[in-house]
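**Q** model this:
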Amino acid sequence: MNFDKPSLSRSRELPFCDVNEAASQVVVMDELDLNPRILTALCKAGLKTYEDVLNLSTADIARSTKLTQSDSVTLKLAVSEKVYRQPKLTAMDIKNGNCPSMFSRKSLSLGCPILDEIFRGGILSQGITEVTGESAAGKTQLCLQLCLMAQLPLEDGGLNGGAVYVCTEDVFPSKRLQQLIKSFPAQHKTERTKQLALGENIYVEHVAEKEQLEHCINHRIPILLERGLVKLLVVDSVAALFRSEFELSEAFQRAKSLQKFGAQLHELASRYNIPVVCVNQVTANMRALLPSDDPFIPALGLTWSNQVQTRLMLKRLPYKLPPSSECNPSCEIPVRSMEVIFSPYLPKDTIYFVVEGDGIRGLR
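**A** Next up, the predicted model:
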């Protein structure tokens, strides 16, 4: 599970057409729906490729070709449309998967049919899913289970790839992961599961400073994504660094840094069509006046909340299930809850679950 830095290859194909390749092609004048006067001026100025036109500003084109400002704008617009065309899609095309990869969202199963039923298939790609809650609420357990599920084929609820697990607080729970790996094939009895080296497909990185985290997000993780080695990114946790490295008087600087970090995560999620799961801490709710009010709220305030697509609040409840022979026959099992605080595709709901030796299991 060592996070080694392989050589970087930036040869990823664009979803529609490669702009650099298209721009280097020789312009066929007859294909451009332009006034012949403009096409003649192009030839006289020596602008023979799409790249020649797109690399110049409108003012530079006007000076080189002796065209008017209006003609230069028309020329650049025509070349741009020739190089990059966005396909016409309907909502039904996207739903049926008849669209480029950047429009089709994938679902990552949570590893439990009951949880998947509530989450309508699982965690969606191209967005940030926040898992927040008190200590020992089951946040890390859920993330570990997602890392294993991501390695399954698409037809089994996985993403057919590995995962990156960025630790900013504690040491990565490798012992617990090994425990889950041993029981994972028994839960998912497929030929592919038997062949997977589950532990070798999870890349772990420990960071202790915000600058290290930014370097990891901007440089190291894209290397693995470019090579198709990983399909899931987990950050555990976001609050650890942003709460410790800023003073109370530096609220503006922290907000600006959080916005930048959120934009970087969204860029990775959108470009590579992957789910991004971020663990967050909680803080005391100073507005809790009634006993029914929640005593804790997610940390990092409104600035971070605006970066999150789906927020899940995990809690440890005072209820316990009787001892189970499947887990530890001598210990009662604490019951936990998972509440959907907000989401664009899920209703506000609460589901109860337990953490057992072989992972998280939902309760009806």
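
**Q** L224 belongs to a helix?
**A** Yes - L224: assigned to a helix according to DSSP: H, G, I helix; E, B strand; the rest coil.

**Q** I'd like the distance between it and E169.
**A** L224 sits at a distance of 22 Å from E169 (criterion: CB to CB, to the nearest Å). Backbone N, C-alpha and C define where each C-beta goes, glycine included.

**Q** ok, the two, which is more surrounded?
**A** L224 (22 against 15; other CB atoms under 10 Å).

**Q** isn't the more buried one up against V230?
**A** Yes - with contact defined as CB atoms under 8 Å, L224 reaches V230; the gap is 4.6 Å.

**Q** shared neighbours of these two, anything?
**A** Among the neighbours of L224, those also in contact with V230 (CB atoms under 8 Å, 6 or more residues apart in numbering) are G162, V164, Y203.

**Q** check what pLDDT the last one gets.
**A** Here the pLDDT value assigned to Y203 is 95.

**Q** what is the neighbour count of it?
**A** 21.

**Q** show me the contacts for G362.
**A** C112, P113, I114, L115, I118, I351, Y352, F353.

**Q** what do you get for T132?
**A** Counting by CB under 8 Å, 6+ apart, the residues that T132 touches are K139, V279, N280, Q281, V282, P298, A299, R311, L312, M313, L314.

**Q** mind running it again at 7 Å?
**A** By CB atoms under 7 Å, 6 or more residues apart in numbering, the contact set of T132 is N280, V282, P298, R311, M313.

**Q** that older thread, which among the contacts of G362 count as buried?
**A** C112, I114, L115, I118, I351, F353 (16 or more other CB atoms under 10 Å).

**Q** from the residues you listed, which is closest to Q145?
**A** C112 (8.3 Å; CB to CB).

**Q** ok, for that closest one, nearest residue in space, not its chain neighbours?
**A** G362 (4.8 Å; CB to CB, 6 or more residues apart in numbering).

**Q** where does pLDDT dip in the stretch 51-200 of the chain?
**A** 85-87, 101-102 (pLDDT under 70).

**Q** ok so, going back, any chance of the shared contacts of L224 and V230 in CSV with secondary structure and distance to E191 as columns?
**A** CSV is the format used below for the shared contacts of L224 and V230 (DSSP: H, G, I helix; E, B strand; the rest coil; distance: CB to CB, whole Å):
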residue, secondary structure, distance to E191
G162, strand, 19
V164, strand, 26
Y203, strand, 25
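
**Q** could those residues go into TSV alongside distance to E339?
**A** Shown next, in TSV, are these (distance: CB to CB, whole Å):
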residue	distance to E339
G162	29
V164	27
Y203	30
